[in-house]
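Below are the sequence and a predicted model; questions follow.
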Amino acid sequence: MQLAFVLYKYFPFGGLQRDFMRIALECQQRGHAIRVYTLIWEGDVPPGFEVLVAPVKALFNHRRNEKLSAWMAADLAHRPVDRLIGFNKMPGLDVYYAADGCFEDKAQNLRNSLYRRWGRYKHFADYERAVFAPEAKTEVLMISEVQQPLFIKHYHTPLERFHLLPPGIAADRRAPDNAPAIRGGFRAEFGLAEDDLLLVQIGSGFKTKGVDRSLKALAALPAALKKRTRLLVIGQDDPKGFQLQTATLGLGDQVTFMKGRSDIPRFLLGADLLIHPAYNENTGTVLLEAVASGLPVLVSAVCGYAHYIAEADAGRVLDEPLEQEQLNQYLAEMLADPLARERYGRNGLEYAATADLYSMPQHAADVILAEQPA
């Protein structure tokens with residue numbers, strides 16, 4: 001079949017983008033042709049992919065999205081495909097990969113009533129309705145059990161159109177046999193002494209991921225513990241506001257901001273704790289990557305994959321709504337207790353060896369390639 005995938009932006013280090021790439025490659029490996037429509041493409045193009053970057057511009061993102069939809073529809077009219085798979089909500093999709101939560105629920109519960117009068121609201125509400133309305137034909141690939149009831153609540157989407165996927169972390173995230181040697185080399189490279197403690201926070205979108213909360217928790221550590229603790233924040237975002245917060249909190253050179261990168265497994269093996277107090281997170285693939293690496297996790301309960309941390313006993317899950325004082329306390333306790341961290345890490349490795357954390361691309365391809373309902 002000729003398949004077309006559409007997403008607003010591709011860059012190598014985003015969670016949604018990595019999921020798209022692995023699903024598209026799985027479909028290609030099964031013998032199908034891949035075309036991609038996008039507004040921005042950063043990074044290499046896999047052999048055999050046809051990537052089309054829409055030549056559209058607009059002052060507002062929602063207007064640019066609409067121009068992409070129109071441009072793509074015109075091209076599809078001339079060069080039709082067997083399936084159109086979207087990684088952002090928009091009209092005309094055969095399959096939608098639900099990386100984002102329910103927009104309408106956020107608009108009603110987290111915004112004031114004036115927001116729903118704006119053009120931006122109308123655009124995103126209309127595009128979400130085009131996917132989830134009862135009369136729509138779009139099959140929905142769900143990666144979070146938490147969000148499905150919200151879509152049904154707001155749109156009365158038939159249950160049979162939802163397909164719940166298992167997680168899909170890459171196999172190279174599992175700790176290799178030489179993990180201790182990798183850890184030792186990493187810590188030497190970053191100048192970490194044996195008793196130094198390294199926190200990592202990984203993910204694009206520093207505000208959503210709760211980097212401000214992590215900085216406050218680091219600043220609140222007891223003096224002796226804080227002195228030997230460093231934080232590396234890795235992701236695609238502008239760190240300027242958080243660098244200012246770092247300076248204001250007196251953290252000096254204890255915090256380093258880094259752009260997204262491809263050698264994340266080294267950081268997971270070299271660190272002592274993954275901190276992830278996100279404000280909003282549909283899933284949180286990095287949580288499972290940490291588990292598979294044997295790295296303890298401290299995470300907010302709003303993350304869709306936080307329940308795996310609890311099931312594996314591979315770290316601690318904060319109460320919801322999150323209180324900064326509890327985050328401060330849990331971080332201090334976990335950093336001060338090496339035996340507990342060792343237990344969390346061991347539990348994570350055992351869980352990753354038996355649980356299905358890897359087969360999402362295969363299950364997604366099965367749905368995409370299945371005969372579509374009439």
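Cool, the structure landed.

okay, CA-based contacts and neighbour counts for the rest of this
Will do.

So what's the residue count around L349?
Applying other CA atoms under 10 Å, we find 20 residues neighbouring L349.

Roughly how far does it sit from L231?
Look at L349 and L231: by CA to CA, to the nearest Å, they are 23 Å apart.

How about G252?
Distance from G252 to L231, by CA to CA: 11 Å.

And those two? Which one has more around it.
More crowded of G252 and L231, by other CA under 10 Å: L231, with 23 against 11.

What pLDDT does the model give the residue of the chain most remote from its centre?
Residue farthest from the centre of the chain, counting by CA atoms, centre = their mean, is H78 at 34.4 Å. With respect to pLDDT, H78 scores 98.

Tell me where the stretch 101-250 of the chain has helices.
Taking DSSP state H, counting those that start in this stretch as the test, the helices found in the stretch 101-250 of the chain are 103-109, 119-132, 148-155, 179-189, 206-209, 211-219, 223-227, 240-248.

Which among those helices is found nearest to A73?
helix 119-132 (14.6 Å; CA to CA).

and the angle from that closest one to helix 148-155?
Going by axes from the mean of the first three to the mean of the last three CA atoms, to 10 degrees, helix 119-132 is angled at 110 degrees with respect to helix 148-155.

Look at the closest residue in space to F20 that isn't next to it in sequence and say how many residues are nearby.
Among residues not flanking F20 along the chain, F87 sits closest, at 7.2 Å (CA to CA, 6 or more residues apart in numbering). Per other CA under 10 Å, the neighbour tally for F87 reads 22.

again, but for L16
20.

Which element, helix or strand, includes it?
Element membership for L16 (DSSP states H and E) is helix 15-29.

correct me, but A130 touches A136?
Yes - look at A130 against A136 with CA atoms under 8 Å: they come within range, at 6.5 Å.

circling back: following element in sequence after the helix holding L16, please.
Later in the chain than helix 15-29, the nearest helix or strand by DSSP H and E is strand 33-38.

Run me through the strand neighbours of that next one, direction for each.
strand 2-6 (parallel), strand 49-53 (parallel) (DSSP bridges).

and I40, which of those is closest to it?
It's strand 49-53; of those, that one is closest to I40 (CA to CA) at 6.3 Å.

Give me the contact list for that closest one.
Contact with strand 49-53 is made by A33, I34, R35, V36, Y37, T38, L39, I40, W41, V45, as judged by CA atoms under 8 Å, 6 or more residues apart in numbering.

which residues does the closest residue to R83 other than its chain neighbours contact?
Leaving out its chain neighbours, the residue that sits closest to R83 by CA to CA, 6+ apart is L3, at 5.1 Å. Shown in contact with L3 (CA under 8 Å, 6+ apart): H32, A33, I34, R35, V81, D82, R83, L84, I85.

any idea whether the last one is helix, strand or coil?
Okay, so that is I85. Classification of I85 using DSSP: H, G, I helix; E, B strand; the rest coil returns strand.

so who does it touch?
L3, A4, F5, V6, L93, D94, V95, Y96, Y97, I368 are the contacts of I85 under CA under 8 Å, 6+ apart.
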